[in-house]
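> need a 3D model of the sequence below.
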Amino acid sequence: MVIHCFANLYGCRVGDETRIGAFVEIQADAQIGARCKISSHTFICSGVTIEDEVFVGHGVMFINDRDPRATADGKLQTEADWQLVPTRVCKGASIGSGAVILGGVTIGEGALVGAGAVVTKDVPAKSVVAGTPARFMRMRDAMGSVDVEAR
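Down below sits the predicted model:
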């Protein structure tokens, strides 16, 4: 495992041979698989599971709360005042720089999320999605290159 300077990891699990870039935060109870690459300035919150061989580009943000609030009835909320929504990124998926992944979604095995996309729903295995919100564009072949155009 390689962890670059200024990374903030606590209470998480990181698999063998994974590389974590500078200025990455991985919160408690997040799980990162083996042979992943997590690029700089990425935020991986509690409840996120990233399986083996996943690429996460620069500045990717994961979200684990569907209804975030600072206060409830005028009082600051605590950890007990919200519900964690888990997220899964399946084996071999790739997430482009600047993407935002909302809580409760699954990014399928070998899928590609385009740079800057906002993922609001599940991404099927081996599909390519892009845009805001992310929409299906085409399929990927076994090696990860594009092989089928959207119709």
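> okay, CA-based contacts and neighbour counts for the rest of this
OK.
> show me what the longest strand seen in the chain is packed against.
The residue-count maximum for a strand in the chain (DSSP state E) belongs to strand 135-140. Contact analysis of strand 135-140 by 3 or more CA pairs under 8 Å, 6 or more residues apart in numbering; DSSP states H and E lists strand 127-130, strand 146-149 as its packing neighbours.
> the residue nearest to residue 77 when sequence neighbours are not counted: neighbour count?
Closest residue to residue 77 apart from its sequence neighbours, by CA to CA, 6 or more residues apart in numbering: residue 71 at 5.0 Å. Using other CA atoms under 10 Å, residue 71 has 11 neighbouring residues.
> correct me, but residue 39 touches residue 18?
No: Residue 39 lies out of contact with residue 18 (CA atoms under 8 Å); the separation is 10.8 Å.
> quick one: contacts for the nearest residue to residue 125 once chain neighbours are set aside?
Distances taken as CA to CA, 6+ apart put residue 108 closest to residue 125, at 3.9 Å, once the chain neighbours are dropped. Contacts for residue 108 (CA atoms under 8 Å, 6 or more residues apart in numbering) come out as 89, 90, 91, 93, 122, 123, 124, 125, 126, 127.
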